[in-house]
Each structure stands twice: as C-alpha cells, then as structure tokens.
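> Show me the folded form of this:
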Amino acid sequence: MIEALRNAFRLPDLRRKMLYTALILVIYQFAAHVTVPGVDRDALDQLFSGEQSGFLSVLNLLSGGAVSNFSVIANGVYPYITASIILQLLVPIIPALSNIQKEPGGQEKINQYTYYLAIPMAALQAIGQINIFQSQIDQTQPGLTLIPGFGFGAGSDLLTTLSVIITMTAGTMFAIWLGTLITEQGIGNGISIIIFAGIVAGVPSSLYQLLQTNFVFNLLAFVLLTVFTVVVIVVIQEGTRRIPVQYGKRVRGRKMYGGGSTHIPLKVNTAGMIPLIFAQSIVTFPAIVAGFFGGSLAIQIQDTFGNQQGFIYWLIYFLLVVGFTYFYTGVMIQNQNLAENLQRNGGFIPGIRPGRRTQEYINRIVNRITLVGALFLGGVAVLPGIMQLIQRLALGQAAVSGNPALVISSAGLIIVVGVVIDTMRQLEAQLMMRNYDGFMR
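Have a look, this model is predicted:
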C-alpha cells in the first residue's frame, strides 16, 4: 500500500488531486474554529466542560469539533444529507418527481432541488441546535445564555436572531461547496470526505480525554474494540448476494444482439449508516421535549434518553435501528425499479417470470439479507452500552470514566471505513489505468 501511495504521488494529475483534497480539508478545519458572532463563551465552555452527554459528544465528533466551538459550520453538511434523504423518500411518492428523475438529465435536476432544500433545512437545524444547547445549559447554569438576544419571543433581538441563522446557513452551504469542489477536482466523494475529515479530526482530543483515567484498561479496550468493529464493518459492508440475470438474444436482419448473463449485486447493508442517524434523532427526542418541562418525570426522561444510559435506552435504540434499516432499504430498492428495468432491457432471472413475480422474488431476497444487516447495525449501535456494562463489571461503578466506544461512534466508524474503501478503490482504478499495482489486490 505504501508503494502504491508513492506511485500515486509520482503521477502529476493524481498528486494534484490528492494535494487539492488535502487543501480543501485544511480550509474546512480552519472554518470549524470560526465561532458564530454573539456566542457567550462562558455558556459554551460550561456546556462542553466535563463529561458530555452522548448526544452532544456524537454531534461534536461528527462535526470535527465545530459544535464545541459553535463554529459557523456547526451544522456541517448534514442539512444536505437530510434534504437528500427527504427527496429519496418523496421521489417514489410524488409522480412529478418520479417523471423528472426518469427524464434525460433528470438526476441533475433532483440534485439541484436537493441543494435548494438544504437551505431551509440548514436554517431549521440552526434554530433547533441552539434551542437544544440552551435547554442543556438551563439544566446546569440557569443564569447563562448561549446567544443573548436570540429567539422569536418577547425580549429577543430580531437582528441578532437573523444574523445568527443566516451565518450558520451560509456556513453550511460553504461546507457543501467545499465538498462539491473535492468531488469535481479532488479524490473521492466530497461530502463523504468532509464528514470523514471531521470525524478523524476529533479523535485525538477524545482519545486523550479517555486515557486520563484507567489508562491501561481504556487503551486496551479502545484498540480491541476498534479493530473488531472495523473488521466486522468491512465484512458486512462488502457482503453481497448475487442474483443471476440472463439476457435474451435479439435478431435484427442478419445480426444477433444481446445475450449473455450477469448478476444483480444486492448488498447486505444497503442502508449504510442512515438508520443510525434516524434512530439517534428519534431516541433523543423525548429528552429534548422533557427539557422544556420540570418535575421528577422530566428529569428521569432526560437521564434515560439524554445521557445514553440504561437498559431501556439501549433496547429502544436497537429496535429503532433495526426498524429503520428495513424501512430505508425498502425505499432504496423501490427507487431502483430493478424488475421494471430488467424487463425493459430484455433481462430476466432464470426460473422467475418477469414483472411482478421478479419484484416479489427480489423483495423476498432483500428481506432475508437485510436481517443480517439490520442486526449488524443494531449491534454496532449498542456497543457503547455493552462497553459501559463491561467497564462496571471490571472496574466498578465508581471507577467508570469515559467510554472507549464513544471515541469514534458507531456511525462514525461506518463512515470512516466506507470512505477509506471507496477512496482506495478510486485511487486503485487510476493506478491500474497506468499499469501500476493498486492498493487492494
């Protein structure tokens, strides 16, 4: 792999692309340290001092520290991802969008609509993120305000509110633009590379905080857990079920066209890490709502769903991940219209009639292999809870500090592994075109 990397740097065009990608990532990290104007640093430091809740730690990790700095790009590129998911769900439901996608150049129009939808999604996420952080601050320091004057009620400053929302929305679109530049002129998928860089940038500080206590145990647990999780992720992510497809021969004049056989690769984990994000948002929603109320019940709900602790939290999280995996996989398979595309191109699955029977057969196979992918995602999601239990058994309740499974979250590891594999394959393809040995043999 080192030799292949040297070969990549010897090629001027590949070297330019790799250096260009690195430059964009450096610019992104600089932007991650530009704080939104008007933020009270005392309130922000109070929010992220000491042991963070699971929700805040996950947000901060996936943003590469931009959330702890409350940077102009604290939203990251996730409004774009949310907009993309929404359009993926709406395309099969709304006939007009479905017709646009089938037209020549239709996918480019859908991508353009995704950029447009990302703007209001970024504004809504900025408002929601500020309100969530303020509710967290009110629990510990009621007298502090994250952004004085922010809000839409009495006593709020409209100019401050609008300037903060516009700044954070512009920061999100700037991050998306950087990702687009990487896709067009760099190496790999730009949006994925941006998320990958944010995750990797936050790992050293998280690991340093973890190793402040129980150094040997936490270091050993982190290494073993990371290696085991990465191996399982690679095996599952690369696992596919190949469905054989036969194409009929067609005779035109004196020539024969078509024929031959191929296969449809159905991935074991089609949904990727999207179910983890969905489930994380839903499972923390009760804690967010409870933050607006008082009483012992509200405090109990916040302790259960806001701090990633307790059997009830991990059980609900596991069930949500499994359910969302089936739901999102079904949507993805439906959007691909495999049976219709096969029939249109003269292909068929041996022993299965074209049309509805083919779609039912594909759905049945997908449901079977998705069970493995859903259990895999659910198991990866509850790894922090399993690690908490191991810590308490090995060290005792009083000695537990930090969680090795949260240095890189479940979704973060899946993103990191997926981006690395995809980027290595792109570099390998570039090298193989020039008769060099690639990264993956």
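
> Could you use CA atoms for every contact and neighbour count after this?
Fine.

> biggest helix in this protein, by residue count?
helix 106-140 (DSSP state H).

> and it, which residues are buried?
110, 114-115, 117-119, 121-123, 125-127, 129-138 (16 or more other Cα atoms under 10 Å).

> Which other helices and strands does it contact?
If you count contacts as 3 or more Cα pairs under 8 Å, 6 or more residues apart in numbering; DSSP states H and E, helix 106-140 packs onto helix 41-47, helix 78-90, helix 95-102, helix 158-185.

> Show the average pLDDT along the second one.
So the one you mean is helix 78-90. The average pLDDT for helix 78-90 rounds to 83.

> Repeat that for the shortest one.
Within the predicted structure, the mean pLDDT of helix 41-47 is 79.

> quick one: contacts of that helix?
Residues outside helix 41-47 that contact it (Cα atoms under 8 Å, 6 or more residues apart in numbering): 68-70, 133, 136-137, 141, 144-146.

> Okay, L19 and A8: tell me how far apart.
L19 is 11 Å from A8, where distance means Cα to Cα, to the nearest Å.

> now stretch 33-51, how far from the centre of its chain.
25 Å (Cα atoms, centre = their mean, to the nearest Å).

> Also stretch 326-344?
22 Å.

> One more: stretch 106-126?
17 Å.

> repeat for stretch 122-133
19 Å.

> Restricting to C-alpha, output that stretch in CSV.
C-alpha atoms of stretch 122-133 as CSV (Å, rounded to 0.1, in the frame of the first residue of the first chain):
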residue,chain,number,x,y,z
ALA,A,122,-29.9,24.4,7.5
ALA,A,123,-31.9,27.3,8.9
LEU,A,124,-34.2,24.9,10.8
GLN,A,125,-31.2,22.9,12.1
ALA,A,126,-29.5,26.1,13.3
ILE,A,127,-32.6,27.1,15.3
GLY,A,128,-33.1,23.6,16.7
GLN,A,129,-29.5,23.2,17.7
ILE,A,130,-29.4,26.5,19.6
ASN,A,131,-32.6,25.6,21.4
ILE,A,132,-31.3,22.2,22.4
PHE,A,133,-28.0,23.6,23.7
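
> which of L19 and A8 has more neighbours?
Between L19 and A8, A8 has the larger neighbour count (other Cα atoms under 10 Å), namely 21 against 15.

> quick one: contacts for the more buried one?
With Cα under 8 Å, 6+ apart, A8 has these contacts: 14-15, 427, 431.

> mind checking which helix or strand it is in?
For A8, the host element (DSSP states H and E) is helix 2-10.

> quick check: domain ranges of this protein?
1-210+410-441, 212-407 (automatic domain parsing).

> Taking helix 78-90 as reference, get the angle to the longest helix of the chain.
130 degrees (axes from the mean of the first three to the mean of the last three Cα atoms, to 10 degrees).
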